Each structure stands twice: as structure tokens, then as C-alpha cells.
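In: show me the folded form of this:
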Amino acid sequence: MTPLTIQHVGIHVRNIEEETEFLSLLGAEVTSIGKLGSRGRIAFVSLDGVWHHNFALFEDGEALPSGDSQKEKMGLDHIAMATDSRKSVDEWVKKLSANGIKVHGPQIQGPEGGGLPEGSCSYTIFFHDPNGVCFEIFAEPLTVSEYREKTVAREKESVSP
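Out: Below you'll find the predicted structure:
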């Protein structure tokens, strides 16, 4: 059986233009906008320039009550997007900040950066869209085998006299 991959994320938004403007800062392009019966409009947005859409935006939502999907106790926590290097993450910090978006990070997602021991050790930033959905851009995460090697090494260190 072929392994699955994530191809797109569907998000309820209050305004398609507001969300597509935000996503355009990330390099995304609107593929199409249509009507979804009585639910309102739907927009398909390509982030990678390959697939018809990586985001499906349903214009039937509201901003999250807390203004932060990571504070909500239901549904989506965040959407993570990979880039190729720490330098690229730092460039995203500059671009997003220059466009008035508050960025948290960069930080290391692991014990070396004050994070969870179970973290991927990726170099990461977090920020929010106009509806409060949290986005992450990261680089250089551990592979499964690298993570397992680090775990074994940490366990050996904690047992050593």
C-alpha cells in the first residue's frame, strides 16, 4: 500500500479576499473561486504551484473566538509548511514582519531550544492568519531514524555514572 501524504487543508474563513491576500504573502496563488451552494464561496489556492490547490477556503466561517487556533480546544491547532534552510526561515521572518504580521520565533523545537524532548529539533516560526489560524514555517527537522538515534543517545547519557 502506498503511504499517504497531505495534499491540502480546508479552512473556514470569514472573507476569501482577506485570506487569499494573507496566503499570497506566503507565495500562494488563487487557482479558482466558485460558489458552493448555500454555503457561500469556495476558493482553491495553490501554495506549491504544482497542485490545483493546497488550501480550500470555505467562506462560511468566523474569526476564532480566542484569536489563536492554538488556544482553541477543538479542531485545527496549526498548519506547518517546510522550507529548505534556517536562512530561508529567517527570510520569512523579515517578509512577514515587514507586512505587519507578528512572528513568534525562530526557535528550535526540541530540548536544545527549550522545547519538548520529543520535538523534531526543527528551526521554526509561528504566526496567525486574519482568522486566528496558526501557521508554522520550519526547516531542518529530524528524520524518524535521526530522532530515534538521538533518543537512544539521551537515554545512554542519563544512565551513565
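In: mind checking how far stretch 47-64 is from the chain centre?
Out: Averaging C-alpha coordinates over stretch 47-64 and over its chain gives two centres that are 13 Å apart (Cα atoms, centre = their mean, to the nearest Å).
In: list the buried ones in that stretch?
Out: Buried residues in stretch 47-64, defined by neighbour count with 16 or more other Cβ atoms under 10 Å: 47, 53, 54, 55, 57, 58, 59, 61, 63, 64. C-beta here means a position set from N, CA and C on the backbone, and glycine is covered the same way.
In: now, which of those sits nearest residue 123?
Out: In terms of Cβ to Cβ, no member of these lies closer to residue 123 than residue 47, at 19.7 Å.
In: surely the closest one meets residue 26?
Out: Yes: counting by Cβ atoms under 8 Å, residue 47 touches residue 26, with 6.6 Å between them.
In: so what sits against both of these two?
Out: Taking Cβ atoms under 8 Å, 6 or more residues apart in numbering as the criterion, residue 47 and residue 26 both touch residue 81.
In: quick check: residue 130 vs residue 16, distance?
Out: For residue 130, the distance to residue 16 (Cβ to Cβ, to the nearest Å) stands at 11 Å.
In: who has more neighbours out of those two?
Out: Neighbours per residue (other Cβ atoms under 10 Å) separate residue 130 from residue 16, with residue 16 holding more: 18 against 14.
In: give me every residue that touches that one.
Out: Taking Cβ under 8 Å, 6+ apart, we find residue 16 in contact with 33, 41, 43, 57, 59.
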